[in-house]
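Colleague: pasting a predicted model and its sequence here:
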Amino acid sequence: MSTRRRRVTGLGTLNRKGLIMRITVVGTGYVGLVTGVCLADTGNHVVGVDVDAEKVERLGRGECTIFEPGLSDLLQSNLAAGRFRMTTDLKAAVEHAEVIFIAIGTPPREDGSADLSMIEAAVQDIARAVNKKTILAMKSTVPVGTGDRVESLMTPLTKHPVIVVSNPEFLKEGTAVDDFQRPDRVVIGSEDPEAAEIMKELYQPFVRNQHPVLIIHRSAAELVKYAANCYLSTRISFINQIANLCVPLGVDIDEVKVGMAYDNRIGFHFLYPGIGYGGSCFPKDVQALCHVAKSFGAEVDLLSAVHEVNERQKRLLVEKIKYHFKGDLAGRTLALWGIAFKPRTDDIREAPALIVIAGLLEAGVTVRAHDPKALPNLRRLFGDRIGYFDDAYKAAAGADGLVICTEWNEFRSPDFQHLRESLRGPVIFDGRNLYTIQQMRRLGFTYYSVGRPSVRPE
Ligand SMILES: NC(=O)c1ccc[n+]([C@@H]2O[C@H](COP(=O)([O-])OP(=O)(O)OC[C@H]3O[C@@H](n4cnc5c(N)ncnc54)[C@H](O)[C@@H]3O)[C@@H](O)[C@H]2O)c1
């Protein structure tokens, strides 16, 4: 351990494997829980703190509150090893920590701006509890200038120095554990070399693949996260707009996409046409950056368009369904496969499927929903207004058609004969282009997808 570091924390201890740190993660949702257990897994002593007492209780006895591949095992093994524990006691958790991570939600306000009220309340409580020089690492996605604001909120409330560092998180739900353990890069925004060095050391076990830990200015780090999410959202809206153009042109977007993506400058990632992006990040981050830019008098018409294209795209399937049934939807029944905003997660925040369900219900359709992991979250939202089926084919039984909103692996090659026999009407509205046109034609389905010709049985 360097002397520099000992001066900052005063609490570090050495073991043979390297540095062990005392960490507190405030907010144990998708980001905080993954961060907490992954840091515990590399030997650190981690306390997770959350205001949701039920969540704390469940996590504390090893019950994973979210679905994320590999997370449950990590939670249980680190609880058992005594390296991870949960509490609602913020004061004790703050006193424990040399580094405090903030992983609290930053939901959108009505005007699109990021609502920082939960973070602002938490950091003031933290300031009142802090009992030594401490690093506060901001993992939540927050607008440029939040680090400064947090400092100004905390400074009057404590006599101990709190060094506020930006440490945006780039994990993807569905592969969050893997992303955290093998990040493409770690971004640390700090003008304090000592704090930056400690943060870098903390991440060393995760960058053994030589991927970089980038130390940059705090405000730049805050912007990196928004810029990255806005860029990825732009690719999605771009390919969706080209896909929509393919329809009147009589061109197949899949052929266009492949022709584009083999260009080394372009690549395949985030170039999949569909019914738009959802989740708790892209929609809110695009809007939040628009809001920030406007408040600085800067033009962000590209990002406004990205958002608008996506909003329209989420309504595409309902339009196709109305077209197919000639507007006569009342009294029909449709099966819906895939609710989560993406595969391998139970997160349904801003999921395009929610817009589809709302549109169908409004048109008088009975909805029979299936998702491998997201049904409990869906039930909390729609109650008894729709049907819930653990079995995909039972959802399809007797339905006038099948609607696909999420590209779960299990939907990629279903038992088509079973599906045909289950459905009353052999029509599929595919919002993720899971099947080929040739396949659907051969199997005798009527098939609608995104940016490709529709298929009618010969
Ligand atoms: N979900 C993602 O994929 C992802 C990826 C990267 C960054 N982010 C960002 O990370 C942040 C957190 O996102 P999330 O998806 O994990 O949110 P989440 O809603 O899943 O979790 C937030 C947690 O914070 C808790 N909380 C709220 N106020 C608190 C307080 N005062 N003290 C302690 N706990 C409190 C909530 O109870 C909840 O458990 C957001 O800013 C988000 O934009 C999310």
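Modeller: Received, thanks. Keep in mind it's a predicted model, so treat the numbers as computed, not measured.
Colleague: around the ligand, which positions in the stretch 1-150 of the chain sit nearby?
Modeller: 26-32, 49-52, 55, 103-106, 118, 121-122, 139-141 (Cβ under 6 Å from any ligand atom). C-beta coordinates here come from the backbone N, C-alpha and C atoms, glycine included.
Colleague: narrow those residues to those in helices?
Modeller: Tyr30, Val31, Gly32, Lys55, Met118, Ala121, Ala122 (DSSP state H).
Colleague: the last one touches Ile104, doesn't it?
Modeller: Read that as Ala122. Yes. Using Cβ atoms under 8 Å, Ala122 is in contact with Ile104, at 5.8 Å.
Colleague: so what's the closest residue to the ligand within the chain up against?
Modeller: Nearest residue of the chain to the ligand (Cβ to the nearest ligand atom) works out as Gly29 at 1.8 Å. By Cβ atoms under 8 Å, 6 or more residues apart in numbering, Gly29 lies in contact with Asp50, Ile66, Ala103, Gly105.
Colleague: ok, now Leu33?
Modeller: By Cβ under 8 Å, 6+ apart, the residues touching Leu33 are Val25, Gly48, Leu59, Cys64, Thr65, Ile66, Glu68, Leu71, Leu75.
Colleague: coming back round to it: and the buried ones among the contacts of Gly29, selectable in PyMOL?
Modeller: Buried residues within those, by 16 or more other Cβ atoms under 10 Å, are selected in PyMOL with:
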select buried, resi 50+66+103+105
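Colleague: which one among the contacts of Gly29 gets closest to Ala358?
Modeller: Gly105 (22.8 Å; Cβ to Cβ).
Colleague: list the helices and strands the longest helix anywhere in the chain packs on?
Modeller: Assignment by DSSP H gives helix 218-249 as the longest helix of the chain. Counting contacts by 3 or more Cβ pairs under 8 Å, 6 or more residues apart in numbering; DSSP states H and E, helix 218-249 is packed against helix 146-154, strand 162-166, strand 186-189, helix 253-261, helix 282-295, helix 301-313.
Colleague: that one versus helix 282-295: what angle between them?
Modeller: Between the axes of helix 218-249 and helix 282-295, defined by axes from the mean of the first three to the mean of the last three Cα atoms, to 10 degrees, the angle is 110 degrees.
Colleague: wait, does helix 218-249 contact the ligand?
Modeller: No. Using Cβ under 6 Å from any ligand atom, helix 218-249 stays clear of the ligand, coming no nearer than 6.9 Å.
Colleague: list the buried ones in that helix?
Modeller: So helix 218-249, judged by 16+ other Cβ under 10 Å, has buried residues 218-219, 221-226, 229-230, 232-237, 239-244, 246.
Colleague: next one: it to chain centre, how far?
Modeller: Distance of helix 218-249 from its chain centroid, counting by Cα atoms, centre = their mean, to the nearest Å, is 15 Å.
Colleague: same thing with stretch 205-215?
Modeller: Taking Cα atoms, centre = their mean, the mean C-alpha location of stretch 205-215 is offset from the chain mean by 22 Å.
Colleague: distance between the ends of it?
Modeller: Across stretch 205-215, the terminal residues are separated by 17 Å (Cα to Cα, to the nearest Å).
Colleague: so who does Gly105 touch?
Modeller: Gly27, Gly29, Met118, Ser140, Ser280.
Colleague: widest-spaced pair of the residues you listed?
Modeller: Greatest spatial distance among the contacts of Gly105 (Cβ to Cβ): Met118 and Ser280, at 13.7 Å.
Colleague: give me the more crowded residue out of the two.
Modeller: Using other Cβ atoms under 10 Å as the criterion, Met118 and Ser280 rank with Ser280 on top: 22 against 17.
Colleague: quick check, that one in contact with Ile348.
Modeller: No. Ser280 is not in contact with Ile348 according to Cβ under 8 Å; the separation is 9.8 Å.
Colleague: now the helices for the stretch 251-400 of the chain?
Modeller: Secondary structure of the stretch 251-400 of the chain by DSSP state H, counting those that start in this stretch: the helices cover 253-261, 282-295, 301-313, 316-324, 352-362, 375-382, 392-396.
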